[in-house]
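Visitor: need a 3D model of the sequence below.
(2 chains)
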Amino acid sequence: GAVVSQHPSWVICKSGTSVKIECRSLDFQATTMFWYRQFPKQSLMLMATSNEGSKATYEQGVEKDKFLINHASLTLSTLTVTSAHPEDSSFYICSAVKGNTGELFFGEGSRLTVL
Amino acid sequence: KQEVTQIPAALSVPEGENLVLNCSFTDSAIYNLQWFRQDPGKGLTSLLLIQSSQREQTSGRLNASLDKSSGRSTLYIAASQPGDSATYLCASSSGSARQLTFGSGTQLTVLP
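Guide: Coordinates of the predicted model:
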């Protein structure tokens, strides 16, 4: 199967700092990537759709100035949590669409803890 | 807006038993339906993808079916093993961006 890599896998930061999470498709090109957020014992909630070379599309209720998404190449999308606060602590997962089937491949996730 | 429901929320079975996980969705205009496995603290592993034109897909001990007209999909696991213990998520792909809508998952525990 296709490989999607996320980095870092976990990060602890102080309140007010910004954190960048990278999502890379290692063996395929992805024009579309998705960012999800998952709270403990809950399912994934779509945050935004990231399209290569254009602005991301955010889901209702997700602050675009808070969660900056950049999809500068066909293999890399980044999510920056700006001025992070404890309520931003969560598990963030990215996925990339491979080919025309619409099949998604997911990264291993990044656990963010804001102190 | 698409809504995906999974029943049961949790399931515990003895090793060797066959089991079925259920997934239902409200909007039948889907591109595909995908089943995933998630281990604690980990990302998602794709198990099976069923295109909207297909009825089922099989991989090893796993078989997934899709009935668009009734808005249902099932994941059948044969001869369950303790290593199958995980949370199983189904997700339907719809909308202009083909974004996935996830169910809340079924937490499966296979007892040795």
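Visitor: show the pLDDT at B:Ser96.
Guide: B:Ser96 carries a pLDDT value of 66.
Visitor: return the residues of chain B in contact with chain A.
Guide: With C-beta under 8 Å from any C-beta of the partner chain as the criterion, chain B meets chain A at residues B:31-32, B:34, B:36, B:41-46, B:49, B:51, B:89, B:91, B:93, B:97-105. C-beta coordinates here come from the backbone N, C-alpha and C atoms, glycine included.
Visitor: can you name the residues bridging to the residue nearest to the spatial centre of chain A?
Guide: Central residue of chain A (C-alpha atoms, centre = their mean): A:Trp35, 3.7 Å from the mean position. A:Trp35 forms beta bridges with A:Ala48, A:Cys94, as assigned by DSSP bridges.
Visitor: mind listing what it touches?
Guide: A:23, A:46-48, A:50, A:67, A:69, A:77, A:79, A:92-94 (C-beta atoms under 8 Å, 6 or more residues apart in numbering or on different chains).
Visitor: how about the residues of chain A by chain B?
Guide: A:1, A:6, A:32, A:34, A:42-46, A:49, A:57, A:91, A:93, A:95, A:97, A:101-109, A:111.
Visitor: sheet partners, orientation included, of the lowest-mean-pLDDT helix or strand in chain B?
Guide: One helix or strand of chain B scores below all others by mean pLDDT, DSSP states H and E: strand B:99-102, with a mean of 84. Using DSSP bridges, strand B:99-102 pairs in its sheet with strand B:86-94 (antiparallel).
Visitor: now what about the partner strand, what contacts it?
Guide: A:43-44, A:102, A:104, B:2, B:4, B:6, B:21, B:23, B:25, B:27, B:29-40, B:44, B:47, B:73, B:75, B:99-103, B:105-108.
Visitor: pull out the buried members of the residues you listed.
Guide: In the contacts of strand B:86-94, burial by neighbour count holds for A:43-44, A:102, A:104, B:2, B:4, B:6, B:21, B:23, B:25, B:30-38, B:44, B:47, B:73, B:75, B:99-103, B:105-108, counting by 16 or more other C-beta atoms under 10 Å in any protein chain shown.
Visitor: below-threshold pLDDT in the chain: ranges please.
Guide: Picked chain A for this. Within chain A, the segments meeting pLDDT under 70 span A:1, A:100-102.
Visitor: actually it's chain B I care about, not the one you picked
Guide: Residues of chain B that meet the cut-off, pLDDT under 70, sit at B:96-97.
Visitor: quick check, A:Tyr36 in contact with A:Ser43.
Guide: No: counting by C-beta atoms under 8 Å, A:Ser43 is not a contact partner of A:Tyr36; they are 9.1 Å apart.
Visitor: flag every buried residue along stretch B:14-23.
Guide: So, applying 16+ other C-beta under 10 Å, buried residues of stretch B:14-23: B:19, B:21, B:23.
Visitor: now, the buried ones among the contacts of strand B:86-94 that are in strands?
Guide: Using DSSP state E, the members of these that fall in strands are A:44, A:104, B:4, B:6, B:21, B:23, B:25, B:32-38, B:44, B:47, B:73, B:75, B:99-102, B:106-108.
Visitor: neighbours around residue 77, how many?
Guide: Because you didn't say which chain, this covers chain A. 30 (other C-beta atoms under 10 Å in any protein chain shown).
Visitor: nope, chain B
Guide: 22.
Visitor: if anything else comes up later, I'll come back, but that's it for now.
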